[in-house]
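Colleague: Structure, please.
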Amino acid sequence: MSGTDDKAVVVVATITPAEGREADVEKALREAIPAVHDEPGCLIYALHRARSGAFVMVEKWASAQALKTHSAAAALTALAAKLDGALAVPTDVRLLEPLPEGNADRGTV
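Modeller: Numbers count the residues shown, from 1 in each chain. Model prediction:
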């Protein structure tokens, strides 16, 4: 990524529950959302379910620094503890640099 710290950062995190732990994982994720929404620089933190049964969190942070702060915040630390042993595989986290094009409302998350 070419970015400077003042550019928005988009994150797509795929969380795959272990068999039989789907409800536990969903509950933990939902419980974390309000606290994350209150974190400085959180622009989007939206939970989705994939057809595979995995959960996908689509996030947008105002800057790389806001994302770094989130990574060490209490909400994420508590979430990690709740998810310990409940996942089939480690969370797949992908950091994306927005490349807006066309209509400003539709060309970027």
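
Colleague: right, and E19 touches A88 too?
Modeller: Yes - contact between E19 and A88 holds when scored by Cβ atoms under 8 Å: they sit 7.1 Å apart. Using the backbone N, CA and C atoms, a C-beta is placed for each residue, glycine as well.

Colleague: The two: which has the busier surroundings?
Modeller: Neighbour count, other Cβ atoms under 10 Å: between E19 and A88, A88 has more, with 13 against 7.

Colleague: how much space between the more buried one and G20?
Modeller: As for A88, its distance to G20 is 10 Å (criterion: Cβ to Cβ, to the nearest Å).

Colleague: And the helices in the chain?
Modeller: For the chain, the helices defined by DSSP state H cover 22-37, 64-71, 74-83.

Colleague: any idea of the angle the second one forms with helix 74-83?
Modeller: Taking axes from the mean of the first three to the mean of the last three Cα atoms, to 10 degrees, one finds helix 64-71 and helix 74-83 inclined to each other by 50 degrees.

Colleague: And helix 64-71, what does it pack against?
Modeller: Here helix 64-71 touches strand 9-15, strand 55-61, going by 3 or more Cβ pairs under 8 Å, 6 or more residues apart in numbering; DSSP states H and E.

Colleague: Can you read off the pLDDT for G3?
Modeller: We have a pLDDT of 46 for G3.

Colleague: repeat for A104
Modeller: A104 is given a pLDDT of 78.

Colleague: Next: A8.
Modeller: 91.

Colleague: give me the number of residues near it?
Modeller: If you count neighbours by other Cβ under 10 Å, A8 ends up with 21.

Colleague: can you check R51 too?
Modeller: Residues near R51, counting by other Cβ under 10 Å, number 5.

Colleague: That one and A74: what is the separation?
Modeller: In terms of Cβ to Cβ, R51 sits 32 Å off from A74.

Colleague: which intervals of the protein have sub-threshold pLDDT?
Modeller: Along the chain, segments meeting pLDDT under 70 span 1-5.
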